[in-house]
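Novice: Pasted the sequence and its predicted model underneath.
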Amino acid sequence: MIILMVRRFVGLLLTLLAVSTLIFLVMALLPGDPAAIMLGTSASADTLAALRQQLGLDQPLLLRYLQWLGGVLQGDLGQSHTYGVPVAGLIIERLAVTLPLAAMAILLSVLIALPLGVTAAAKRNGLVDLAATLFAQAGIAVPAFWMGLLLILLFSMQLGWTPAGGFPGWRAGSFAAVHALLLPALALALPQASVLTRVTRTAVLDVLDEDFVRAARAKGLSRRAALWRHAVPNAMVPVVTMLGLQFTFLVAGAVLIENVFNLPGLGRLAYQALSQRDIVVMQDVVLFFAALVIVVNFLVDLSYLWLDPRLRSEKAFS
Amino acid sequence: MARFVRSISEVLVSATAIFCLLLTTMAAAAPRTDLAIGMTIEPAGLDPTIAAPVAIGQVTWQNIFEGLVTIDRDGKIKPQLASSWEISPDGLTYRFSLRSGVTFHDGEAFTAGVAKASIDRARAADSVNPQKRFFASVDTVEAEDPQTLVIRLKQPAGSLLYWLAWPSSVIVGEKSAANNKTTPVGTGPFVFVRWAKGDRVELKRNPGYWNKEISVKLETVTFRFISDPQAQSAALVSGDVDAFPEFGAPELMSSFDGDERLITVVGDTELKVVAGMNNSRKPFDDKRVRQALMMALDRTTIIEGAWSGFGTPIGSHYTPNDRAYVDLTGVYPYDPEKAKALLAEAGYPNGFSFTIKAPQMSYAARTAEVMQALLAEIGVTMTIEPTEFPAKWVQDVFTGRDYDMTIVAHAEPMDIDIYSRDPYYFNYRNPAFDAAISQIEQTPDAAGQDKFYQEAQKILADDVPALFLFVMPKLGVWDKRLKGLWEDEPIPSNVLAEVYWTE
């Protein structure tokens, strides 16, 4: 078990190293000179050269890569050249928006999908099942940013229940902050929930046909008890796998949703850094996203052990 | 006596009551002193002397930072930290009398020594000032005494005073200059409070502001950065922001019609939308081809299609805001038949094909589409190649000059001289034009310069090194009770010293 964990961890580090090399190369090959973007169209060649030197862009590529990587390993993520502040601070500031947003979106998505999917499976071809199917179809077809715009139109501009965008900051109190994140989280959650509903429904249906569920019923358990105590827990492995996969989409979706709702999150930081060619910020944010996805996948793998006792034996893993 | 006392107490009671009543009504009627102002683009740092993006000046210029001179809402040069100046008859020596009693927000005193250090910093060998060229003609800067600054030039620079008013020429403190990018310190009416990156910049009133002629009414100012036009509109309607001086989506302007709280104000900017051509590449090296393309374009249709009908047609690289403006839209007016004839004369009876590298901004993409349709009518096939702005555009078009045609809004005010710069992306060479531009710099008085500005405009209108399309409007949307915002924009800015609420 421990050997397995160590092997996993080493693999994780190697993946991150590969990601760091890839993002560095992509940013280096991308057309666009950060100095020219900063200094505009009236700057002379010597001014551009002075800024390139200031930013360290006159150094050889390999040296720049090693300096960056060395810094990251020592916990120094470098400086943003557009903002003029350390990137680590920028990322932490933005996480205060993106992490709660992602967490709320996952929570909402589970809260919608789980009851809906299980009920749809339990009463196959019933009204709820039909509604769930419709919801799933619509949810997959409508992109999150468009959903965001529709939600703003209804809840902010027509009803006036929520702010139209922006983030007051956690200083303004947790109610105001959560209130501001509610609509974007919902916009992110609805497409996710629709996929999750389908997966839950199928997984529960599969399990419902299994012998152990029939045995539980034969033992005298009610339909309801058999469903929730035996069928649902056994259907959770594919559902959790899906949740793990969706986390990646959530991070990607946050880039769009944060722009629509004008939230100063990590996604918007990445978007701005890309258009400004703030190379170090871009490298750090992508590396951070990659690390996040890898860690979440790792946690999903761990959760299988908890969900399915059969996997806990060492044999099953080798 | 008792009656007298009673009546006195009655008077006192009623007077107190009236006074209290007055106080409460006054408190209720006291105008607001806070302002949330929206901007599309977040500035890249807050120091206009080390980076070009106009958003930096739109937050800091005249609010935090001030210059020796300034530009008012009509585009006129006005004294600021310098109360007056003398220019020697040969135009080579500028002697500025500086104001006394001015301090920076951190307490540093403003003196001629500080002003000298500030200008020397902008023109130093390792300077990264985006307009370092402004100071190319400066020979020496001298602090004669604490209140007198003398700038000596190598050759006359007729635009020097105007240039000194720009955001990139503001006076910075010696102690604070290095940190202005993150914590700007100036002499202006507002003090920097906080920058929540990605979201907002907060300022508060400077209680020790030197200029007692202006009574600054706003206590707190928040700049909010909202890039998505739908989100901008939503923020205005919900009252999250009080004003969007440069609203991003012309097609949404009519949605504010009839709004009880908001008004729309359409003004002029300095943003000249021009389709630049590579004048050294065939067939654009032939003046007749360029003139024919100009005549194929109906500017009214373009403005309608690209910017919902907002915008002013132009016939040269100059705006109606600018002094000595001449309307030259009639030099090559829309005339497809004449355009075809001229193309045939130039050797292209069946037209030709080329590619336009169009940035992704909506004004550019839409203008390119309308142009494509209009050019097709004279047999010219234009392929649109979307080009990421600024990064890829700067690399391919601006620096690499590898393009046929492009389209971009030139934001810098009074920048007609770009057509005489070498290198510049138009690859345009015309000694007569260069002579007109250099005459401007050799003429110290404004009236004398006007003649050459007009000559320069006319040469461009006839030569058509770029297709001159329209001036971008300043689409302002703000709360009706808000007064004092600039309606036009002779220089990109949000000057807030004279902004106030009426109720």
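Specialist: Perfect, thanks for sending it. Numbers count the residues shown, from 1 in each chain, chains lettered A, B, ... in the order given.

Novice: For burial, what's the neighbour tally of the closest residue to B:Leu252 other than its chain neighbours?
Specialist: Closest residue in space to B:Leu252, ignoring its immediate chain neighbours: B:Ser233 at 5.2 Å, by Cβ to Cβ, 6 or more residues apart in numbering or on different chains. Any C-beta I mention is one placed from the backbone N, CA and C, and that applies to glycine too. Counted with other Cβ atoms under 10 Å in any protein chain shown, the neighbours of B:Ser233 add up to 23.

Novice: if I read this right, B:Ser233 contacts B:Ser255, doesn't it?
Specialist: Yes. At 6.7 Å, B:Ser233 counts as touching B:Ser255 under the criterion of Cβ atoms under 8 Å.

Novice: just the helices in chain B please.
Specialist: Using DSSP state H, the helices of chain B run over residues B:2-29, B:54-60, B:112-123, B:160-164, B:229-237, B:287-296, B:299-307, B:336-345, B:362-376, B:391-393, B:431-442, B:446-463.

Novice: Can you convert these into CSV and add a column each for mean pLDDT?
Specialist: Below are those laid out as CSV (pLDDT from 0 to 100):
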stretch, mean pLDDT
helix B:2-29, 54
helix B:54-60, 97
helix B:112-123, 97
helix B:160-164, 96
helix B:229-237, 87
helix B:287-296, 97
helix B:299-307, 96
helix B:336-345, 97
helix B:362-376, 96
helix B:391-393, 93
helix B:431-442, 95
helix B:446-463, 95
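
Novice: Please identify the most buried of the ones you listed.
Specialist: The highest average neighbour count among the helices of chain B, using mean count of other Cβ atoms under 10 Å in any protein chain shown, belongs to helix B:54-60 at a mean of 25.

Novice: which ones are touching the residue nearest to B:Leu252?
Specialist: For B:Ser233, the contacting residues are B:Phe247, B:Ala249, B:Leu252, B:Ser255, by Cβ atoms under 8 Å, 6 or more residues apart in numbering or on different chains.

Novice: Filter the residues you listed down to the buried ones.
Specialist: When the contacts of B:Ser233 are checked for burial by 16 or more other Cβ atoms under 10 Å in any protein chain shown, the buried set is B:Phe247, B:Ala249, B:Leu252.

Novice: Let me have those in CSV, adding pLDDT as columns.
Specialist: Shown next, in CSV, are these (pLDDT from 0 to 100):
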residue, pLDDT
B:Phe247, 95
B:Ala249, 91
B:Leu252, 93
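
Novice: which one of the residues you listed sits closest to B:Ala117?
Specialist: If you rank those by distance to B:Ala117 using Cβ to Cβ, B:Phe247 comes first, at 39.4 Å.

Novice: Quick check: bridge partners of the residue lying closest to B:Arg32 once chain neighbours are set aside?
Specialist: Distances taken as Cβ to Cβ, 6+ apart place B:Trp501 nearest to B:Arg32, at 4.3 Å, with adjacent residues excluded. Per DSSP bridges, the residues bridged to B:Trp501 are B:Leu482.

Novice: Pretty sure B:Trp501 sits against B:Thr33.
Specialist: Yes. Assessed by Cβ under 8 Å, B:Trp501 is found in contact with B:Thr33 at 7.2 Å.

Novice: and residue 179, what does it touch?
Specialist: Using chain A. By Cβ under 8 Å, 6+ apart, the neighbours of A:His179 are A:Thr162, A:Pro163.

Novice: wrong chain, I was asking about chain B
Specialist: Listed by Cβ under 8 Å, 6+ apart, the contact set of B:Asn179 reads B:Val185.

Novice: Quick check: pLDDT value at the residue positioned nearest the centre of chain A.
Specialist: Closest to where the C-alpha atoms of chain A average out (Cα atoms, centre = their mean) is A:Val251, at 2.9 Å. Here, the pLDDT recorded for A:Val251 equals 78.

Novice: ok, it - contacts?
Specialist: Contacts for A:Val251 (Cβ under 8 Å, 6+ apart) come out as A:Ala102, A:Gly267, A:Phe289, A:Leu292, A:Val293.
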